[in-house]
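Predicted model and sequence below, questions to follow.
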Amino acid sequence: MNNVRFILLIASLTLVVVFVFSCSLDNANYCSGGEVIAKGEFTDSRDGQKYRYVTIGSQTWMADNLNYNAAGSKCGSKTGTPVVSGSYCDIYGRLYDYETAMENVVCPTGWHLPDNAEWDELFRYVVNGTSDAADSSYYATAGKYLKATCGWNEKGNGTDAFGFSALPGGFGNYHGAGFYDYAGKYGHWWSATEHNVYIYYFGIGSGNGILGGEFIYSDFLFSIRCVHD
């Protein structure tokens, strides 16, 4: 009887391990249209931080949110108060205001903050398989293909069909209302495109649509994804 219990225990633990690894955020291979895509990895020479990257169409994107500890960057926290380090940074990366993103050149050497056209090319490609589509219907479904297969609340995980592995780092706001904590629910990423005194950004929530073409004050804190030069 003890042997039977031992075998059952080992089997149960094995299932747990399989489940954990099936939802890990560092999988090396992703399937797109039946083709396995291998992710590469590089090391940021400034701090030794490792990042994955993936080529989607003609673009090469970082497959992780930036986690460079630039002055003014913050991590999310469930208390609603920004902190300078912690597990939220390890999982979701850091949050940056626009001035920090641009003036401190937070993307690693050889990478840059994408502008609206580069984001738009990504969204078109993951939905239509081409960056030449003329309509904007891809905004309604692009999030599903970009979101990681785990890490999103409210059953909001995606298929991660192209290995972009978008994660919801939440956002922060210094513009009169303090700090918001929506890590796990919303992901917002800066664009390098400006509009008068405002800055464009793109977001994904628990649904599959892209919040695109929006602009906001530069002192909000959003995640950053860098694209290769």
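Cool, got the structure.

how about the longest strand along the chain: buried residues?
Scanning the chain for the strand with the most residues, using DSSP state E, yields strand 187-195. Using 16 or more other CB atoms under 10 Å as the test for burial, strand 187-195 gives Gly187, His188, Trp189, Trp190, Ser191, Ala192, Thr193. Where you see a C-beta, it was placed from the backbone N, CA and C, and this is true even at glycine.

Show the model's pLDDT score for Phe19.
The model reports Phe19 with a pLDDT of 29.

typo on my end, Trp61
For Trp61, the predicted pLDDT is 96.

cool, Leu211 as well?
On the pLDDT scale, Leu211 is placed at 75.

Tell me if it really is in a helix.
No - with DSSP: H, G, I helix; E, B strand; the rest coil as the criterion, Leu211 is assigned strand and is not in a helix.

Show me what it bridges to in the sheet.
Gly203 (DSSP bridges).

Contact partners for it?
Leu211 makes contact with His188, Phe202, Gly203, Ile204, Gly205 under the criterion CB atoms under 8 Å, 6 or more residues apart in numbering.

Can you classify the spatially closest residue to Val227 that is not a sequence neighbour by secondary structure?
Ranked by CB to CB, 6 or more residues apart in numbering and with sequence neighbours excluded, the top spatial neighbour of Val227 is Pro114, at 4.4 Å. Classification of Pro114 by three-state DSSP places it in coil.

Count the neighbours of Pro114 for me.
25 (other CB atoms under 10 Å).

and the gap between it and Gly207?
22 Å (CB to CB, to the nearest Å).
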